[in-house]
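> coords please:
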Amino acid sequence: MADREKLRQRVADLRAEIAKLEDGERRKQLEAIADRIDLLLGEPVEVDVEALLEDLEAQLLQFEASHPRIAFLLNDLMEILANLGI
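Model (predicted):
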């Protein structure tokens, strides 16, 4: 699977996991990250990639123990973005 397609799939997987969360604030934070990645995949727009990666890492640390599937997806998203040179 090409990295861009894998990235799209992981964002979709993340959105499915987000839908299961009860914490509305965490849901909003993760949705914002997913939206920013969608922007990177769509039309050429300016996205602060460094801030995006920092947010991904921060969320990864928050979800590592309580939601291992979300932590896995966030880590995978960071790796795919790095592979794409983003």
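
> show me the contacts for Arg69.
Contact analysis of Arg69 by C-beta atoms under 8 Å, 6 or more residues apart in numbering lists Glu17. (Each C-beta comes from the backbone N, C-alpha and C, glycine too.)

> and what of Leu52?
Contacts of Leu52 (C-beta under 8 Å, 6+ apart): Ile33, Arg36, Ile37, Leu40, Leu81.

> for the worst-scoring helix or strand of the chain on mean pLDDT, which residues meet the burial criterion?
Among the helices and strands of the chain, helix 49-63 carries the lowest confidence by mean pLDDT, DSSP states H and E, at a mean of 87. Within helix 49-63, the residues scored as buried using 16 or more other C-beta atoms under 10 Å are Leu52, Asp55, Leu56, Gln59, Leu60, Gln62, Phe63.

> before we move on, what about stretch 5-19?
So, applying 16+ other C-beta under 10 Å, buried residues of stretch 5-19: Lys6, Leu7, Arg8, Arg10, Val11, Asp13, Leu14, Glu17, Ile18.

> got the angle for the helix or strand where Leu81 lies vs helix 49-63?
Following DSSP states H and E, the helix or strand that holds Leu81 is helix 68-83. Per axes from the mean of the first three to the mean of the last three C-alpha atoms, to 10 degrees, the angle that helix 68-83 makes with helix 49-63 is 160 degrees.

> let's see helix 68-83 as CSV, backbone CA atoms only.
Taking Å, rounded to 0.1, in the frame of the first residue of the first chain, the C-alpha atoms of helix 68-83 are listed here in CSV:
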residue,chain,number,x,y,z
PRO,A,68,-3.4,1.7,23.2
ARG,A,69,-5.1,1.4,19.8
ILE,A,70,-5.2,5.2,19.4
ALA,A,71,-1.6,5.4,20.6
PHE,A,72,-0.6,2.9,17.9
LEU,A,73,-2.5,4.8,15.2
LEU,A,74,-0.9,8.1,16.2
ASN,A,75,2.6,6.6,16.2
ASP,A,76,1.9,5.0,12.8
LEU,A,77,0.7,8.4,11.4
MET,A,78,3.9,10.0,12.6
GLU,A,79,6.0,7.3,10.9
ILE,A,80,4.0,7.6,7.6
LEU,A,81,4.4,11.4,7.6
ALA,A,82,8.1,11.0,8.1
ASN,A,83,8.3,8.4,5.3
